[in-house]
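> the following comprises the amino acid sequence and a computationally predicted model.
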Amino acid sequence: MIRKVIVAVLLLVLAVMAGTLAGCGGELPNDAVAKVGDTPIEEDAFDQRVEEFSAQYGYTEDALGAEDWQAFKLDVLDYLITYEMAVQKAEDYGVSVTDEDVQEEIDLIITTYYDGDEAAFTEELTAADMTVEDLKASYKESMFMQKVYEQVTKDVTDVPDEEIASYYEENKDGYFVDETRVTRHILIAPGSNQDDTTTTTAAGETTTTTELTDADWDDALALAKEVRTKLVAGGDWTELAAEYSDDTGSADNGGELGAVGKGRMVPEFEEAVFSLEKDEISEPVKSAYGYHIIQVTEITEAYQRTVDEVKDEITSTLLSQKQTEAWQAWIEATKTELKVVYREDMQTTTTLPSEPLPTSESTDATDGQTITTSGGSTTTKP
């Protein structure tokens, strides 16, 4: 988990830099892959960062293939160039990150994610083959880049109403909300009262599941009708679901399934749900799972969200786009200003690999602990 933190160092730049490589001419030292002003990016340092980032992403040349591996290396190089440009422009923006700033961030991690247990924090760092100094260096770099980004984009604060309206019209379908129905059910599965047969032999135990018969389905239907009769007579859903339902996920919750939308359930069940009147109790509905007694307790009609309802969402989207455009423009202008030079074999126009690097929308499916910076990067905390 802790290793994911370092990956954030790349996100701010790589997510917005695809296709920006372009040599500006000039001469390079023999051991450099690029130069920013008078500062070379030496090949050894570049190779080391490629190795670090590829390990953090889990990329290998064999897995990516030659073309995508080269694209990955070029993205790493452009990150290093952008970072060096930011360093050289930092004084103009009054940007700095102190050791105290970084320590505050580390302390926050320990407090938030390790309940203040510094030993547990250090132990996980060690298990990830990292040191506290490694982590501090990564955070310092990431925090610095974010501060520069914020300075570059600080004047991008507004989105005209006409742009919001235009975006809404172009993406109107995305703001349509389909009908949903709050639904509960009791499932009577055929053969649910039968026990599997277990045979013990010298070789071990073998469990045999009895094949369902027409009689099993008839019995399930008869019980479903009985349960429906009790419900129609005013029987308590919570009690009856707990007693009869074979849906283990909802039986102890009165059969509640929550808000159901189209395309989420098996066809027979969905057809019944969207044909019922509110509070109507269905006849037994057969599916592959058995017979369902269904009731819809609340209906939310489909509706189109208005531009006023989604204005904040659209503003955030367009503002992010404008900030990205401002950042890209700054990169290109600063490359020219500082006379960035690429080694000939690194001068190419590229796009991200066919399996792209994580973007500013990346999250981790394991723990989902993310913090989105104003620069658009997403840092996954340890």
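Arrived safely, thanks for sending.
> please count neighbours and contacts with C-alpha atoms only from this point.
Will do.
> so Ala165 sits right up against Thr306, yeah?
No. Counting by C-alpha atoms under 8 Å, Ala165 stays clear of Thr306, with 10.2 Å between them.
> which one of those two is surrounded by more residues?
Ala165 (16 against 12; other C-alpha atoms under 10 Å).
> next one: phi and psi at the more buried one?
phi -60, psi -40 (degrees, to the nearest 10).
> show me the shaky parts of the stretch 201-350 of the chain.
201-210, 348-350 (pLDDT under 70).
> show me where it has its strands.
Per DSSP state E, counting those that start in this stretch, the stretch 201-350 of the chain carries strands over the ranges 204-208, 256-261, 285-287, 290-300, 303-304, 341-342.
> what packs against the longest one?
Packing partners of strand 290-300 (3 or more C-alpha pairs under 8 Å, 6 or more residues apart in numbering; DSSP states H and E): strand 180-188, helix 214-232, helix 267-273, strand 285-287.
> from the chain's centre, how far out does the longest one sit?
This means helix 214-232. Centroid separation for helix 214-232 versus its chain: 44 Å, with C-alpha atoms, centre = their mean, to the nearest Å.
> relative to strand 180-188, how tilted is that helix?
With axes from the mean of the first three to the mean of the last three C-alpha atoms, to 10 degrees defining the directions, helix 214-232 sits at 130 degrees from strand 180-188.
> residue numbering should commence at 757 henceforth.
In the new count, where the first residue is 757, that last one comes out as helix 970-988.
> list the buried residues in helix 970-988.
972-973, 975-977, 979-981, 983-984 (16 or more other C-alpha atoms under 10 Å).
> same check, this time on the third one
Taking 16+ other C-alpha under 10 Å as the neighbour-count basis, helix 1023-1029 is seen to contain the buried residues 1025, 1028-1029.
> now those as a markdown table including distance to Glu1039?
Formatted as a markdown table, the buried residues of helix 1023-1029 follow (distance: C-alpha to C-alpha, whole Å):
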| residue | distance to Glu1039 |
| --- | --- |
| Phe1025 | 12 |
| Ala1028 | 9 |
| Val1029 | 11 |
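> and which of the residues you listed is nearest to Ala1082?
Val1029 (49.6 Å; C-alpha to C-alpha).
> how far away is that closest one from Asp1002?
19 Å (C-alpha to C-alpha, to the nearest Å).
> and what of Phe802?
From Phe802 to Asp1002 the distance is 60 Å (C-alpha to C-alpha).
> the more surrounded of these two?
Asp1002 (21 against 18).
> what's the closest non-adjacent residue to that one?
Distance criterion C-alpha to C-alpha, 6 or more residues apart in numbering; nearest residue to Asp1002, sequence neighbours excluded, is Leu943 at 5.3 Å.
> correct me if wrong: the one you found contacts Thr1004.
No. Judged on C-alpha under 8 Å, Leu943 makes no contact with Thr1004 at a distance of 9.3 Å.
> who has more neighbours, these two?
Leu943 (27 against 12).
> might you report the residue contacts of that one?
980, 1000-1003, 1045-1049 (C-alpha atoms under 8 Å, 6 or more residues apart in numbering).
> of these, which count as buried by neighbour count?
Among these, the ones that count as buried by 16+ other C-alpha under 10 Å are 980, 1000-1003, 1046-1049.
> show me which of those residues is closest to Pro785.
Nearest to Pro785, judged by C-alpha to C-alpha, of these is Asp1003 at 70.7 Å.
> please report the distance of the closest one from Thr939.
For Asp1003, the distance to Thr939 - C-alpha to C-alpha - is 14 Å.
> also Phe1030?
Applying C-alpha to C-alpha to Phe1030 and Thr939 gives a distance of 10 Å.
> more neighbours: these two, which one.
Neighbours were counted for Phe1030 and for Thr939 using other C-alpha under 10 Å; Thr939 has more, 21 against 17.
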